[in-house]
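In: Test case, fold it:
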Amino acid sequence: MPGNRLPVFWSGRVAVARMPEELDITIADEVREELLAVLNQGASALVVDMTRTTFCDSSGVSALIRARHRANASDAELRVATGSPVVLRVFTLIGLTQAIDVHPDVSAALASLAGRSPRRDRQREGPEATVGPVGEA
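Out: Okay, the predicted model is just below:
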C-alpha cells in the first residue's frame, strides 16, 4: 500500500474507506492521514471497511482512534465494518468496541446510519466513551 491512496467510495456525504489486508506500523500513518483527509473533505459519516483486514496492530488501532476524535470534532459519524475474529478480538480487548460502533459488514454499518440525525442535532447519550492507553486522547 505505500504510495497508494486508500480506495474511498462516496455516496453523498457518506464515505466508505477500504482498508488493506494488514494494518500495521508500516502503513498506519498513511491510513491515519487518509482517514483524516476524508473527514476534512466534509464527510458526514465515514465507514472504515475492514472486511478484508486480517491483522491490525496497536498502530492501526491508534489510527482509528485519531479518526474517531476527528469525526467527533467534525460532528461526523464513524463506523467500522469487520467480521474478522482476530481483529474483533483486538478491538474488544482494548475497549475500542465501546468507543466506535463496529458492524459485521459495510451494509450493516451503512444501515446503522440511516435515519440518524447529525451529531450536533442529537442529545449526547452520556459521557464520551474513552479508550484505554492505546492512542491519543
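In: For stretch 41-50, list every residue counted as buried.
Out: Buried residues in stretch 41-50, counted by 16 or more other CB atoms under 10 Å: 43, 44, 45, 46, 47, 48, 49, 50. For glycine as for every other residue, the C-beta is placed from the backbone atoms N, C-alpha and C.
In: Need these in TSV (columns: distance to residue 37, pLDDT and secondary structure).
Out: Output for the buried residues of stretch 41-50, formatted as TSV (distance: CB to CB, whole Å; pLDDT from 0 to 100; DSSP: H, G, I helix; E, B strand; the rest coil):
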residue	distance to residue 37	pLDDT	secondary structure
43	10	97	coil
44	15	97	coil
45	15	98	strand
46	11	98	strand
47	15	98	strand
48	13	98	strand
49	16	98	strand
50	18	98	coil
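In: from those, which two are the most distant?
Out: Of all pairs drawn from the buried residues of stretch 41-50, the greatest distance, 20.4 Å, lies between 44 and 50 (CB to CB).
In: the strands in this protein, which residues?
Out: Secondary structure of the chain (DSSP state E): strands located at 8-11, 14-18, 22-23, 45-49, 55-56, 77-81, 101-103.
In: So residue 52 is in contact with residue 17, correct?
Out: No: if you go by CB atoms under 8 Å, residue 52 and residue 17 don't touch, sitting 12.0 Å apart.
In: neighbour count winner among those two?
Out: More crowded of residue 52 and residue 17, by other CB atoms under 10 Å: residue 17, with 22 against 13.
In: What's the separation between that one and residue 93?
Out: To residue 93, residue 17 is 24 Å away according to CB to CB, to the nearest Å.
In: Residue 35 too?
Out: According to CB to CB, residue 35 stands 22 Å off from residue 93.
In: More neighbours: those two, which one.
Out: Between residue 35 and residue 93, counted using other CB under 10 Å, residue 35 has the larger neighbour count: 26 against 10.
In: I am finished for the moment; much appreciated.
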